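In: Show me the folded form of this:
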Amino acid sequence: MKIKHLKKCIQSQSNSFLSEFSSSCDAASFLKTKLENSSKFVVEGKRVSLAKSS
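Out: Reported below is the predicted structural model:
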């Protein structure tokens, strides 16, 4: 799934979560950083997927 699509899905469920950012680009950058620091997700360029459980 592309990060941009994931951001839109999050906004449709909770509009206030990403509304504090001044631009859509800032919100996507924040989301990408959070996902990169998570062990549950794998970020490859603009795509994100669930990490394989071990």
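In: and residue 30, what does it touch?
Out: Residues in contact with residue 30, defined by Cβ atoms under 8 Å, 6 or more residues apart in numbering, are 18, 21. For glycine as for every other residue, the C-beta is placed from the backbone atoms N, C-alpha and C.
In: residue ranges with poor pLDDT in this structure?
Out: For the chain, the stretches flagged by pLDDT under 70 are 54.
In: For it, just list every one of the helices.
Out: For the chain, the helices defined by DSSP state H cover 3-13, 24-36.
In: wait, what's in contact with the closest residue to residue 2 other than its chain neighbours?
Out: Nearest residue to residue 2 in three dimensions, chain neighbours excluded: residue 46, at 5.4 Å (Cβ to Cβ, 6 or more residues apart in numbering). Counting by Cβ under 8 Å, 6+ apart, residue 46 touches 2, 3, 4.
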